[in-house]
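[1] Got a sequence here, can you model it:
(2 chains)
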Amino acid sequence: MQEFTQQLINGLSYGAIIALIAVGYTMVYGVLRLINFAHGDVYMLGAMFGFYAATEWFGLDKHPSWASFFIVLIVAMVLCGVVGLLIEFLAYRPLRNAPRINSLITAIGVSLFIQYGGQKLFGPNPRAFPQILPNMTGELFTVFGASVSKVDALILGVTLVLMLALTYLVLYTRTGLALRAVSFRFDTASLMGISTNRMIAFTFVLGSVLAAAAGVLIAVRNAKVEPLMGMLPGVKAFVAAVLGGIGNIPGAVCGGLLLGLTEVLVAGYLPKGSQYKDGVAFVILIAVLLVKPSGLLGKNTIEKV
Amino acid sequence: MHRIARFGLLLVLGLVAPTLAQDIVVGHYGAMTGNSASFGISTDEGIRLALDGINSAGGVLGKQMKVVTVDTQGRPEEAVTAVQKLINQDKVVAVLGEVASSNSLAAAPVCQRARIPMLSPASTNPKVTKVGDYIFRSCFIDPFQGPGVAKFAMEDLKLKRFAVFYDVKQAYSTGLRDVFIKAVKDAGGEIVADESYASEDVDFKAQLTKILNTKPEAVFMPGYYTEAGLVFKQAKELGLNVPFLGCDGWDSAETLTIAGAAGNGNYFSTHYSPEEDRPAVKQFVDAYKAKYNGKTPDAMAILGYDAMNLMADSIKRAGGTAGKDIRNALKDTKDFPGASGTFSIDADRNAKKSIVVLKIEDGKTKFVKSVAP
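    As a prediction, this is how the structure comes out:
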């Protein structure tokens, strides 16, 4: 029981990170019907900006405190928001009315550009992310004998706060209403006086800000950052978004948590599971899509012919 | 006519001049970037320090030596490409590298086929030199290192219950796992968990939780430094507060930087300690610090240094740069005075050397003991 609870906690903490990235994928898909493959790399940039903010820019690694953590988090989120805006403006906006396959290929191009540009800019070697929070090792409390480490609690806490903020924004503000309108019917929304371009740019900023938060959190947890770190989590988050029903925000969160739990349980309970845990995620994806093609929480859309 | 003669003369000079002044070129392939970059960079620094010494002492066979370094990114497929480039384009007479056994294993067949001697400074998996009779190493092998750690843990630390946590993607790691498990069982110890991960993983909590529940007295983790640092941190977060034991794959300043305080109390075996009280070690450490801004050399640096010096010595003894002659000279190495210790090359083209056990304390490594072969 204790081991199982512990594995559940491990899975949730890992899944929360995937969920934060998956939300960005799903939001962009919701408004643009575009898979933004560069999203995983924005997450990498978040971790990298966090690294520079903590070391070279402000030297916060010498004063570990909660204030330092929030400065690093906010700097990374703001910078990634700007990057998201730039990506949308420079790479996707000119292709808004082009066939969808063009945008898709551009997205892959942007992703590779950020990865290898990052290798050039930051150097290709893994760096140790400094300790910016005081006394983060060890456990915070125990549940059924399983320890919830301070880092896990931090990740779950920050994720929860960001998700609540996002829910409020989408459901209870005018901007959120406009966002939902654009996502519902792109053309009609613009007829209703909504500036669709501004809404799309806003979506990119929002998604990138969340990815940046995930990047900083994972850097605090694993203490290792490198320019290609976004690749695999990016793919996993995409799977999570599809699993939950792409375009659906709560779905992306569920997908992320489910994926995190599955991987940890496969690694923890199946013989030699850690060797094929990455593959299991995709098997589950296929299984879910066979039974429910729109994903767990996705709506069925009827195509009129 | 005059003009043609002058042109002819220039042509002849142009062809002859480079051959007269041609350096003896040795290739080095190593991870200069990527997850194991610290290995390649340290090795290269050691090699270049040795190169300075060789050339300022007049070079070899009346010529200066030159080293061409090619990056492998720490990946086997890149290692193959790197060695092909060294042999075909740079026309090297011999090859030094790699550190990671999987990469050496990938590149060794290329050297063997081209009949270009390859000397690995630090690959410890026994399979590496079995590839062929042109493949050598100037370090000890894992069937000596793994049991050495097991013996140290059981006799000096008085431990009996071990968990093993190894990297399935690295021949180095799987090889060490096998010999360690055998050594522990032979000595009456117990293996309570046998878990694995893959290089470049960043989340190990599922496996560590499993290990935690088997209540081991120590965890043997024969991996490389990047993962080691992360594993220490995550183990502490889960409350797995037993010592980790490792091998020379941990020997990099990066282990300590990534792990922070979580690294303290762990032990690993390696090739040398900068604290060792031998004149050859002191001389090497001082020269290295002088050349690289006071940086303390790790094991890969001293192994690179020794490998380069051994290669120069072999070329000197061979009296020429033909692959076969260099190979024969390497094979006949007897009591070579390396900085990391005096060694000979045995019939299996491996070096026989002692292992050194270090402990991590206050974020630094501390010399514990030396185990002779």
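[2] okay, which residue is most central for chain B?
    residue B:122 (2.2 Å; Cα atoms, centre = their mean).
[3] Would it be right to say that that residue lies in a strand?
    No: Residue B:122 is assigned coil when assessed by DSSP: H, G, I helix; E, B strand; the rest coil, not a strand.
[4] measure it to chain A for me?
    Computed as Cβ to the nearest Cβ, to the nearest Å, the residue B:122 to chain A distance reads 19 Å. From N, CA and C alone the C-beta is placed, and that goes for glycine too.
[5] How about residue B:329?
    From residue B:329 to chain A the distance is 36 Å (Cβ to the nearest Cβ).
[6] Surely that residue is in a strand?
    No: according to three-state DSSP, residue B:329 belongs to no strand; its state is helix.
[7] which residues sit in contact with residue B:268?
    By Cβ atoms under 8 Å, 6 or more residues apart in numbering or on different chains, the contact list for residue B:268 reads B:149, B:245, B:246, B:247, B:248, B:250, B:251, B:357, B:358, B:360.
[8] Can you list the buried residues in stretch B:60-71?
    Using 16 or more other Cβ atoms under 10 Å in any protein chain shown as the test for burial, stretch B:60-71 gives B:60, B:63, B:65, B:66, B:67, B:68, B:69, B:70, B:71.
[9] low-scoring stretches of the chain, by residue?
    Let's take chain A. Low-confidence segments of chain A (pLDDT under 70): A:135-139, A:300-305.
[10] My question was about chain B, not that one.
    B:1-21.
[11] and it, which of its residues are near chain A?
    B:33-35, B:37-38, B:73, B:168, B:195-198, B:201-203, B:205-207, B:209-210, B:212-213, B:226, B:229-230, B:233, B:236-239, B:254, B:257-258, B:260-262 (Cβ under 8 Å from any Cβ of the partner chain).
[12] Buried among those residues? Make that a PyMOL selection.
    What follows is the PyMOL syntax for the buried subset of these, where burial is set by 16+ other Cβ under 10 Å:
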select buried, chain B and resi 33+34+35+37+38+73+195+196+197+201+202+203+205+206+207+209+210+212+213+226+229+230+233+236+237+238+239+254+257+258+260+262
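[13] Now, the residues of chain B next to chain A that are in helices?
    B:37-38, B:205-207, B:209-210, B:212-213, B:226, B:229-230, B:233, B:236-238, B:254, B:257-258 (DSSP state H).
[14] rewinding a little: with secondary structure as extra columns, can I get the buried residues of stretch B:60-71 in a markdown table?
    Listed next are the buried residues of stretch B:60-71 as a markdown table, based on three-state DSSP:
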| residue | secondary structure |
| --- | --- |
| B:60 | strand |
| B:63 | strand |
| B:65 | strand |
| B:66 | strand |
| B:67 | strand |
| B:68 | strand |
| B:69 | strand |
| B:70 | strand |
| B:71 | strand |
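[15] so what's residue 299 up against?
    Assuming you mean chain A. Residue A:299 touches A:245, A:248, counting by Cβ under 8 Å, 6+ apart.
[16] was after chain B, sorry
    B:122, B:248, B:251, B:270, B:271, B:272, B:340.
[17] do that again at 6 Å, thanks
    If you count contacts by Cβ atoms under 6 Å, 6 or more residues apart in numbering or on different chains, residue B:299 has them with B:248, B:251, B:270, B:271, B:272.
[18] next one: residue B:257
    Residue B:257 neighbours (Cβ under 6 Å, 6+ apart): residue A:128.
[19] let's go with 10 Å and repeat that
    A:127, A:128, A:129, A:130, A:223, A:224, B:38, B:225, B:229, B:263, B:363 (Cβ atoms under 10 Å, 6 or more residues apart in numbering or on different chains).
[20] Show me which positions of the top helix by length along chain A end up buried.
    Counting residues, the longest helix found in chain A (DSSP H) is helix A:2-32. Buried residues in helix A:2-32, counted by 16+ other Cβ under 10 Å: A:3, A:5-32.
[21] quick one: it near chain B?
    Yes: under the criterion of Cβ under 10 Å from any Cβ of the partner chain, chain B is reached by helix A:2-32 at A:2, A:3, A:4, A:5, A:6, A:7, A:9, A:10, A:11, A:13, A:14, A:17.
[22] ok, back up a step: and which of the contacts of residue B:299 is nearest residue B:22?
    residue B:271 (33.8 Å; Cβ to Cβ).
[23] Tell me which residue of the stretch 201-305 of chain A lies closest to chain B.
    Proximity to chain B, evaluated over the stretch 201-305 of chain A using Cβ to the nearest Cβ, is greatest for residue A:267 at 3.7 Å.
[24] How many residues are close by that residue?
    Using other Cβ atoms under 10 Å in any protein chain shown, the number of residues around residue A:267 comes to 30.
[25] Might one say that it is in contact with residue B:211?
    No: assessed by Cβ atoms under 10 Å, residue A:267 is found out of contact with residue B:211, at 11.7 Å.
[26] Which residues are in contact with each of the two?
    B:195, B:204.
[27] now the residue of the stretch 201-305 of chain A closest to chain B: how far from residue A:278?
    According to Cβ to Cβ, to the nearest Å, residue A:267 and residue A:278 sit 10 Å apart.
[28] residues shared between the contacts of these two?
    With Cβ under 10 Å, 6+ apart, residue A:267 and residue A:278 have common neighbours residue B:201.
[29] all strands for chain A, in order.
    Under the criterion DSSP state E, chain A carries strands at the ranges A:127-128, A:139-143, A:146-149, A:224-225.
[30] Quick one: closest of the ones you listed to residue B:280.
    Taking the strands of chain A one by one with Cβ to Cβ, strand A:127-128 is closest: 32.0 Å.
[31] show me where the stretch 1-150 of chain B has helices.
    B:2-21, B:37-56, B:76-88, B:101-114, B:127-130, B:142-151 (DSSP state H, counting those that start in this stretch).
[32] Show me which residues of the shortest one are buried.
    It refers to helix B:127-130. B:127, B:128, B:129.
[33] Quickly note the distance from the closest residue to the second one other than its chain neighbours to residue B:174.
    Excluding its sequence neighbours, the residue lying closest to residue B:128 (Cβ to Cβ, 6 or more residues apart in numbering or on different chains) is residue B:104, at 4.8 Å. Using Cβ to Cβ, we find residue B:104 at a distance of 15 Å from residue B:174.
[34] Neighbour count for the two, which is higher?
    In this view residue B:104 and residue B:174 are compared by other Cβ under 10 Å, and residue B:104 has more residues nearby, 32 against 18.
[35] For that one, give me its contacts.
    B:29, B:72, B:76, B:79, B:83, B:97-98, B:111, B:118, B:120-125, B:127-129, B:131, B:135, B:137, B:171-172.
[36] try it again with 6 Å
    Contacts of residue B:104 (Cβ under 6 Å, 6+ apart): B:98, B:120, B:123, B:128.
[37] Is there a quick PyMOL command that grabs whichever of those residues are buried?
    PyMOL command restricting those to the buried ones, with burial defined by 16+ other Cβ under 10 Å:
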select buried, chain B and resi 98+120+123+128
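[38] Distance check, the residue nearest to residue A:141 when sequence neighbours are not counted against residue B:184.
    Residue nearest to residue A:141 in three dimensions, not counting chain neighbours: residue A:148, with 5.7 Å by Cβ to Cβ, 6+ apart. Look at residue A:148 and residue B:184: by Cβ to Cβ, they are 33 Å apart.
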